[in-house]
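# Need the 3D shape of this:
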Amino acid sequence: MKRTIINNLRLIFFPYLMLGPAEIANFKNEMLIENIGRLKIIAVVGSLVNLTIILLSLGNQGMAKLLTSEIIFRLLWIMVAVAYFMLVGKPQIEEIKIKHKVLFWGAATLSLIFSGIITAVYSAGRGYIYLYIINVLLTGSFLYFSMLGMFVISLPGFMFVVYTMMTRPQATIIQEGTLVNISAVTLFAIVIAHTTYNSQIGQYRYRSVIRKQNEELHHLAELDPLTNIANRRKVDQICQREWAQAWGQKRALSLIMIDIDFFKLYNDTYGHPKGDECLKKIVEVLTSNLRRKTDFVGRYGGEEFIVLLPETSLDGATKIAESICYDIYNKNIPHSASIFKRLTVSMGVVSLSMAMGTTMSEMIEEADRALYAAKQNGRNKVTVA
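Numbering: from 1, shown residues only. All right, here's what the predicted structure looks like:
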């Protein structure tokens, strides 16, 4: 019971704890980016309002009476708003730094402090109580703060108002009415902020679920369901990407085209379920021979596979192909319809030639011709284009 109460209190003051540990930082950064932009809107609108009041005061009172403490506070508000707008910039999530957090929280707090000062000092008979009320309600409903965050930024301005109202010699009924109104509105703003913040957490969790589902669907759309490696669609994408990078950076790129010898006869002899198991075993050998993260293997067709080797010379690719060919032969998978009486593969190897200006399509065609030559010359061998 005690633990449940403590957990509920933690979620009230720190509602983002409903998210997973890996999601909390990202959610906070998303909210900060959103709040930075929203506070810019408040800064612009508030500056225009304060500037209008200053200009009206100038017209009504003249230059001699312009520099009152009230006008000075309004000028300070405008200066802080302009400084915030210029210093905070337009950061992206990956660019968030401590300075962005300090600027945002500092500017939001100062905004409420300024409105609290003007409300406390000039409220009597002039309606300035509404300045603080509007500002605190706008902050609580327009920006995204947790209950604790809204309480922290509103406390300094609220305390200044309370202290000033308690110490100023004014009518008791005006004093009590002002304190009740400001207290009620501040509490109401904190509750609004809490509700809005929880709503944002709910939306973030929903977006996270949808994002993960989309990523899984996208991942599945690029996988061959039988062998669990890249399908033809993904192979084409990776080949084009690696070719463009290799050509642009003038670095080596090699490709191996692989075909299982007499695979149709294998299926006819042992059945398609055994043929599926055979494909999986071939993939195990292929992946075990690829040591680097940049090496790539995909299913190109029924019994055809492609291995792409960035930053690998023709000699290096040939050695890898020979190793694959040797390992598959020594795996000794029975194939009575083959001339070798075991499962074997044939391979064609090609490397990107800068001098010839070879395209990826031409590379695949060259590898395919080399593969055909390997089959014509007895199979179970590697042929270099």
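
# After the lowest-mean-pLDDT helix or strand in the chain, heading C-terminal, what element do we hit next?
Least confident helix or strand of the chain, by mean pLDDT, DSSP states H and E, is helix 2-13 with a mean of 58. Next helix or strand after helix 2-13 toward the C-terminus (DSSP states H and E): helix 21-61.

# which element follows that next one toward the C-terminus?
That would be, after helix 21-61 and using DSSP H and E, helix 69-88.

# so what secondary structure elements neighbour that next one?
For helix 69-88, the contact count by 3 or more Cβ pairs under 8 Å, 6 or more residues apart in numbering; DSSP states H and E identifies helix 21-61, helix 98-122 as packing neighbours. Just so you know, the C-beta spots here come from the backbone N, C-alpha and C atoms, and that holds for glycine as well.

# Can you spell out which helices and strands pack onto the shortest one?
Under the contact criterion of 3+ Cβ pairs under 8 Å, 6+ apart, the helices and strands touching helix 98-122 comprise helix 21-61, helix 69-88, helix 129-142, helix 147-167.

# Among the ones you listed, which comes closest to Ile328?
helix 21-61 (40.7 Å; Cβ to Cβ).

# Figure out how far that closest one is from the centre of its chain.
With Cα atoms, centre = their mean, to the nearest Å as the basis, helix 21-61 stands 25 Å off its chain's centre.

# what packs against that helix?
Against helix 21-61 (3+ Cβ pairs under 8 Å, 6+ apart) you get helix 69-88, helix 98-122, helix 129-142, helix 172-221.

# list the buried ones in the shortest one?
Judged by neighbour count (16 or more other Cβ atoms under 10 Å), helix 129-142 contains these buried residues: 129, 131-133, 135-140.

# quick one: average confidence on that helix?
Averaging pLDDT along helix 129-142 gives 88.

# any residues touching that helix, and which ones?
Applying Cβ atoms under 8 Å, 6 or more residues apart in numbering, the contact partners of helix 129-142 are 38, 41-42, 108, 111-112, 115-116, 118-119, 123, 145, 150, 153-154, 157-158, 161, 178, 181-182, 185-186, 188-190, 192-193, 196.

# Put the buried members of those into a PyMOL selection.
To isolate the buried ones among those in PyMOL, judged by 16+ other Cβ under 10 Å, type:
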select buried, resi 38+42+108+111+112+115+116+118+119+123+145+150+153+154+157+158+161+178+182+185+186+189+190+192+193+196
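
# hang on, the earlier thing: is it possible to get JSON lines of the helices and strands packed on helix 98-122 that adds distance to Glu304?
Output for those, formatted as JSON lines (distance: least, Cβ to Cβ, whole Å):
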{"stretch": "helix 21-61", "distance to Glu304": "39"}
{"stretch": "helix 69-88", "distance to Glu304": "55"}
{"stretch": "helix 129-142", "distance to Glu304": "59"}
{"stretch": "helix 147-167", "distance to Glu304": "59"}
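
# quick one on the thing from earlier: let's have the helices and strands packed on helix 21-61 in CSV, adding distance to Gly271.
Compiled in CSV, the helices and strands packed on helix 21-61 are given as follows (distance: least, Cβ to Cβ, whole Å):
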stretch, distance to Gly271
helix 69-88, 67
helix 98-122, 63
helix 129-142, 68
helix 172-221, 27
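
# Ok, which of those comes nearest Leu55?
The nearest among the helices and strands packed on helix 21-61, by Cβ to Cβ, is helix 69-88 at 10.5 Å.

# between that closest one and helix 21-61, how big is the angle?
Here helix 69-88 points in a direction 140 degrees away from that of helix 21-61 (axes from the mean of the first three to the mean of the last three Cα atoms, to 10 degrees).

# got the buried residues for helix 69-88?
70-71, 73-74, 77-78, 80-81, 84-85, 88.

# Then stretch 41-52?
For stretch 41-52, by 16+ other Cβ under 10 Å, it's 42-43, 46-47, 50.

# Residues in contact with that stretch: which ones?
74-75, 77-78, 81-82, 84-85, 107, 111, 138-139, 142-143.

# Apply 7 Å and report the result again.
74, 77-78, 81-82, 84-85, 111, 138, 142 (Cβ atoms under 7 Å, 6 or more residues apart in numbering).

# Same question for stretch 326-338.
Counting by Cβ under 7 Å, 6+ apart, 261-262, 265-266, 269, 278, 281-282, 285, 289, 341-345, 380 sit against stretch 326-338.

# 10 Å - rerun?
Taking contacts as Cβ atoms under 10 Å, 6 or more residues apart in numbering, the residues outside stretch 326-338 that touch it are 258, 260-270, 274, 277-278, 281-282, 284-286, 288-289, 340-345, 347, 379-380, 382.

# mind listing which of those residues are in helices?
Counted as lying in helices by DSSP state H, out of the contacts of stretch 326-338, are 263-270, 274, 277-278, 281-282, 284-286, 288.

# Filter these down to just the buried residues.
Counted by 16+ other Cβ under 10 Å, the ones in helices among the contacts of stretch 326-338 give 263, 266-267, 270, 278, 282, 285-286 as buried.

# from the residues you listed, which is closest to Thr318?
For these, the nearest to Thr318 is Leu286 (15.5 Å; Cβ to Cβ).

# my guess is that closest one contacts Ile258, does it?
Yes: proximity of Leu286 to Ile258 meets the contact threshold set by Cβ atoms under 10 Å, at 7.3 Å.

# shared neighbours, the two?
Jointly contacting Leu286 and Ile258 under the rule Cβ under 10 Å, 6+ apart are 297, 299, 305-307, 324, 328, 345.

# now, which of the residues you listed lie within helices?
Per DSSP H, the shared contacts of Leu286 and Ile258 map to helices at 324, 328.

# hmm, back to that, would you list the contacts of stretch 41-52 in TSV and tack on distance to Ile333?
Formatted as TSV, these follow (distance: Cβ to Cβ, whole Å):
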residue	distance to Ile333
Arg74	85
Trp77	80
Ile78	80
Ala81	74
Val82	75
Tyr84	70
Phe85	70
Ser111	74
Leu138	73
Phe142	68
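
# tell me which of those is nearest to Ser351?
Phe85 (55.3 Å).

# got the contact list for that closest one?
Going by Cβ under 10 Å, 6+ apart, the list of residues near Phe85 reads 39-40, 43-44, 47, 103, 107.
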